[in-house]
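Asks: okay, sequence plus prediction incoming.
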Amino acid sequence: MATDLLMIVCLLSFGNVSLALQNPGFGEECPLSFGLSSCDSGDACFHVLQQCDGWEHCEDGSDEENCTVCPLADYFKCPNSSACLPPELVCDGGDDCPEGSDDEEDCWSKECGEIYTSRCDSSGICYLEEWECDGYEYCPDGSDEQNCAGKEACADSNYIRCPTSGICFFRGWECDGFPFCEDGSDEEDCRSKECYNSDDFKCESSGVCLDPHLRCDGDDDCPDGTDERHCTADDCPSPMLFCEPGGPCVPAARLCDGVGDCPDGSDETDCGVLFDA
């Protein structure tokens with residue numbers, strides 16, 4: 001019974017469930033100790049956080065009646081409807097009240113929730129700290145992308161800053177062969193840096209880090225072609241041909257095409273047998 005009850009409470013607590021739970025087995029009363037309240041009809045329970053949220057969960061609509069205050073003190077009461085909003089939806093840049101933008105007005109007088117903790121300078125809109133200096137303007141005034149160079153470490157430890165602009169970018173983009181920073185600094189001095197993913201292949205001359213699937217695939221992805229050297233038969237995915245000795249691997253489409261890809265020309269031999277088969 002305890003497991004079933006926990007599941008019921010979780011279901012009722014998650015999002016805008018269209019109806020309250022019918023005949024949950026509690027008898028006439030829904031246990032308030034589990035955050036459940038009874039519909040006026042008495043045949044269903046709903047979670048207290050679903051009361052006055054702008055959605056009818058009881059079939060008789062009683063969970064949305066007499067909504068003059070919100071069930072929790074930090075919830076925002078939409079002035080022209082019964083809806084109550086959790087603090088995370090207030091001043092988040094989107095209109096959540098059914099009748100319009102009341103939850104997005106006069107944001108400096110409202111508190112940001114626990115999730116969106118940073119504010120836009122002009123509007124007071126709340127946003128994730130991780131969105132600050134990420135290269136994409138979220139605030140209408142662009143204040144989340146200003147004065148980035150003088151800021152300290154990025155909010156997320158998996159991100160690092162471009163030295164000139166101060167924009168934060170994912171560590172896995174460093175030395176991937178594609179410049180992200182305006183000054184190209186994320187692709188400099190790569191030979192002395194470790195690849196973000198330990199199984200990446202590091203090009204010998206440039207230090208560029210490649211996805212392991214690009215190793216011995218028949219194409220030179222490293223500027224010096226080192227990703228196609230010292231290959232073994234185990235490195236060649238089917239149906240590629242392994243050129244003896246030491247590779248490279250030749251895609252099936254290049255077999256018997258009149259162009260020798262293997263150093264010993266083995267990809268252009270026995271072609272009559274291949275096509276007769």
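Replies: That came through, no problem.
Asks: C-alpha only now, for contacts and for neighbours.
Replies: OK.
Asks: so the protein: which segments form each domain?
Replies: Segmentation of the chain into domains, based on automatic domain parsing, reads 1-66, 83-146, 212-267.
Asks: make TSV out of the ones you listed and add mean pLDDT and mean neighbour count.
Replies: Shown next, in TSV, are the domains of the chain (pLDDT from 0 to 100; neighbours: other CA atoms under 10 Å):
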stretch	mean pLDDT	mean neighbour count
domain 1-66	63	17
domain 83-146	88	18
domain 212-267	84	17
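Asks: and those as JSON lines, adding distance to residue 167?
Replies: Output for those, formatted as JSON lines (distance: least, CA to CA, whole Å):
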{"stretch": "domain 1-66", "distance to residue 167": "35"}
{"stretch": "domain 83-146", "distance to residue 167": "5"}
{"stretch": "domain 212-267", "distance to residue 167": "27"}
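Asks: what's the closest of these to residue 77?
Replies: Residue 77 lies closest to domain 83-146 among these, at 4.6 Å (CA to CA).
Asks: name whatever forms a beta bridge with residue 169.
Replies: residue 160 (DSSP bridges).
Asks: ok, now residue 100?
Replies: The partner residues for residue 100, given DSSP bridges, come to residue 97.
Asks: returning to what we had before: residue 170 is nearest to which of the domains of the chain?
Replies: domain 83-146 (9.3 Å).
Asks: from memory residue 114 sits against residue 88, does it?
Replies: Yes - applying CA atoms under 8 Å, one finds residue 114 in contact with residue 88, separated by 7.1 Å.
Asks: ranges for the helices of this structure?
Replies: According to DSSP state H, the chain carries its helices in the segments 2-13, 271-276.
Asks: count of neighbours near the residue nearest to residue 212 when sequence neighbours are not counted?
Replies: Using CA to CA, 6 or more residues apart in numbering and skipping the chain neighbours, the partner closest in space to residue 212 is residue 200 (5.1 Å). By other CA atoms under 10 Å, 18 other residues sit near residue 200.
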